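K.L.:
next one to model:
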Amino acid sequence: MIVSCKKGDTGPAGPAGPDSVQYSKWTVLNMSPMDAGDTSFYEDFTVPALTQKILSKGVVLGYIGYVNSQNDTIVENVSEVMAQLLAVGTIELQSYYYDFSQNFFYRYVIVPGSVSISSLPGSGSGNTYTVDDLKKMNYLQVSQLVGIPSKNTTLKKLTN
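P.N.:
Below is the predicted model of the structure:
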């Protein structure tokens with residue numbers, strides 16, 4: 001007797017699990033002064049996925065972006081321009097001497113410690129990356145490694 005089966009259609013993707021890489025949408029910054037008349041600014045983000053386990057064993061990467069006068073999208077590690085403070089359930093951005101509101105965008109990427117990040121298939125590289133390696137990478141490198149889609153996520157589209 002011969003038994004065969006046909007592979008069915010692929011179903012819709014499920015939601016990210018607690019041990020999956022997660023990322024936020026690009027969010028326009030709307031910072032507040034730390035004190036009345038102060039030149040220090042902050043903004044808090046509620047992030048339910050930011051657990052003690054992630055703080056202890058994973059990594060939270062933050063990026064700030066804007067569109068320059070030549071209409072080019074510029075994205076930098078948020079640590080290059082301001083402090084990113086992490087606590088269970090919260091990310092706070094703090095800027096001293098500059099309010100990044102309205103013209104700048106923020107996105108975080110959460111990589112649990114249980115997720116092994118390695119080179120993309122077909123890249124010819126068998127590298128596995130540490131937390132420190134990920135922190136040194138630019139946004140394009142990280143987004144390619146963890147599979148953040150580039151379609152419909154450019155800052156230029158958000159500013160139209």
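K.L.:
CA atoms only for the longest strand along the chain, dumped as CSV, please.
P.N.:
The longest strand of the chain (DSSP state E) is strand 59-67. Extracted C-alpha coordinates of strand 59-67, given in CSV (Å, rounded to 0.1, in the frame of the first residue of the first chain):
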residue,chain,number,x,y,z
VAL,A,59,18.7,43.4,24.1
VAL,A,60,16.6,46.5,23.3
LEU,A,61,17.9,48.5,20.3
GLY,A,62,16.5,51.9,19.7
TYR,A,63,16.7,54.0,16.5
ILE,A,64,15.9,57.6,15.7
GLY,A,65,15.2,58.8,12.2
TYR,A,66,14.3,61.9,10.2
VAL,A,67,14.1,63.1,6.6
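K.L.:
tell me how far the helix or strand that it is followed by is from the chain's mean position?
P.N.:
Sequence-wise, the next helix or strand downstream of strand 59-67 (DSSP states H and E) is strand 73-77. How far strand 73-77 lies from its chain's middle: 12 Å, per CA atoms, centre = their mean, to the nearest Å.
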